[in-house]
Structures are given as structure tokens and as C-alpha cells.
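**Student:** show me the folded form of this:
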Amino acid sequence: MPDESLSPEVFSRLREILGTAYHVSRDAAIYAEVVTGGLNYRGMGELRDALEHIQRVINANDEEEALGDITEAYEHLRRCGVESIQHAASEIYLDTIKLVKTPPLTLRLLFLEVPDKGRVRKLRMNAMEKIAAGRSHKADKDIWMDSIAEFKSAIESCFELQDMYPHKAEVRLRQFNIACGIITVLSLIFAFAK
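**Tutor:** The predicted structure is shown next:
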């Protein structure tokens, strides 16, 4: 039930931003936390600021003041979603690029599978283009939700790329095993040479 002090227009606009915009932003912030494995302070701060404006709406003295705070709350919700997911996409992309720059010769020397160069390039370019598209749409009040989808698509491309490469632990284990093998062979050679 709307508060008697809220006009029907204020209540309608409040219901509107607490509907789709809130849920999209909240889901994007949660997704960013899940894929990065860390707390999303940026998103939490924006949600806190949105709640502050919503509280001001409830305590507003006139409709114009309340509508201004609703607009501000909407902006904080938009920023919560797009900034959270953009940060996650950029962080994951940079981690992925470090992995992709592993020289194929290193993988071959460790007897590991070398990913298909064409597929790697396609996924890397897709992630890069999706991040760029997401950044270009994030400030637009009408299509900011599309930018969240672009960032999610970039993250999925990065994860697919990461799956094509061996895990760091596997690489280190192979390096250790090969080093132990070389030391063993050299020890045997020196032992028989004496």
C-alpha cells in the first residue's frame, strides 16, 4: 500500500525502479561477485546510495523533490549494475589475456595441448568487442541493461578461452616433473661416468 503522503505518480515511479531496474542491477552485482570470487564493494556502495534516495522519497515534502530523488535512485541502480559487471569483465579479460600470451612452444615443451590459434583469436576478439560495446552503452538510460548482457557475453568468452588452456597448477606440476626427470637422468649419467 502506498504511503498517504506519496502521490500516485511518485508511488508509480518508485514501484517502477524497484521492479526491473532493481532486479537487473542486483543480479548483475551478484553475478560480478560470483565470477570474480570477491566482494563487490562498488555495487554495494551504489545500492546503499540508491536506498538513501529512496528513503528521501518517503520523507520528501513535495512531489518534485521526491521525483528528483527517484531519478537519482535509478541512476545509482544503473551504476550498480553496469559498474559491477564492467569491473568483473575487465578483471577477467586481463587475467585471460595473461593466459593467452603463454607461448605455444612452452606448452609443447611441457607436453600440453596447444589451443587452436584461430579459435583463441575469435574468442579474444569477441570478448574485447563485447566489453567495448558494453562500455559504449552503459551510460545510456534506455539501453544500459543491454550493456550488462554485453559484459556477461564477454565474461563467457573469457571463461571459454580459459578452459582451452591448462590450469597454472598443471603447468607447474609438469615443469616440476620434467625438472625431476632431467635431474634424475643427469644424476645417472654422472654416476655411470665415474
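**Student:** what is the burial count for His167?
**Tutor:** Residues contacting His167 under the criterion other Cβ atoms under 10 Å number 11. Placement of C-beta: from N, CA and C, glycine included.
**Student:** how far away is it from Gly68?
**Tutor:** Distance of His167 to Gly68, given as Cβ to Cβ, to the nearest Å: 51 Å.
**Student:** what's near enough to touch Lys101?
**Tutor:** Lys101 makes no contacts at all, as judged by Cβ atoms under 8 Å, 6 or more residues apart in numbering.
**Student:** now do the SS call for Thr17.
**Tutor:** In this structure residue 17 is Ile, not Thr. Secondary structure for Ile17, judged by DSSP: H, G, I helix; E, B strand; the rest coil, is helix.
**Student:** what is the burial count for it?
**Tutor:** Count around Ile17 with other Cβ under 10 Å applied: 22.
**Student:** for it, which non-adjacent residue is spatially closest?
**Tutor:** Ranked by Cβ to Cβ, 6 or more residues apart in numbering and with sequence neighbours excluded, the top spatial neighbour of Ile17 is Tyr74, at 4.8 Å.
**Student:** what number of residues lie near the one you found?
**Tutor:** Count around Tyr74 with other Cβ under 10 Å applied: 21.
**Student:** that one and Tyr22 touch, don't they?
**Tutor:** No - using Cβ atoms under 8 Å, Tyr74 is not in contact with Tyr22, being 9.3 Å away.
**Student:** now the common contact residues for these two.
**Tutor:** Between them, Tyr74 and Tyr22 share the contacting residues Ala50, judged by Cβ under 8 Å, 6+ apart.
**Student:** and the pLDDT for Glu4?
**Tutor:** On the pLDDT scale, Glu4 is placed at 60.
**Student:** the residue nearest to Ile17 in helix, strand or coil?
**Tutor:** Three-state call for Tyr74 (three-state DSSP): helix.
**Student:** give the contact list for it.
**Tutor:** With Cβ under 8 Å, 6+ apart, Tyr74 has these contacts: 17, 21, 50, 141.
**Student:** flag every buried residue along the helix or strand of the chain with the lowest mean pLDDT.
**Tutor:** Least confident helix or strand, the chain: helix 104-109 with a mean of 88, by mean pLDDT, DSSP states H and E. For helix 104-109, a neighbour-count test (16 or more other Cβ atoms under 10 Å) marks Leu107 as buried.
**Student:** contact partners of that helix?
**Tutor:** Here helix 104-109 has contacts from 113-114, 117, 166, 178, using Cβ under 8 Å, 6+ apart.
**Student:** out of the residues you listed, flag the one nearest to Ile92.
**Tutor:** Nearest to Ile92 among the contacts of helix 104-109 is Pro166, at 17.8 Å by Cβ to Cβ.
**Student:** quick one: secondary structure of that closest one?
**Tutor:** Pro166 ends up coil, using three-state DSSP.
**Student:** what about it, how many residues nearby?
**Tutor:** Neighbours of Pro166 under the rule other Cβ under 10 Å: 17.
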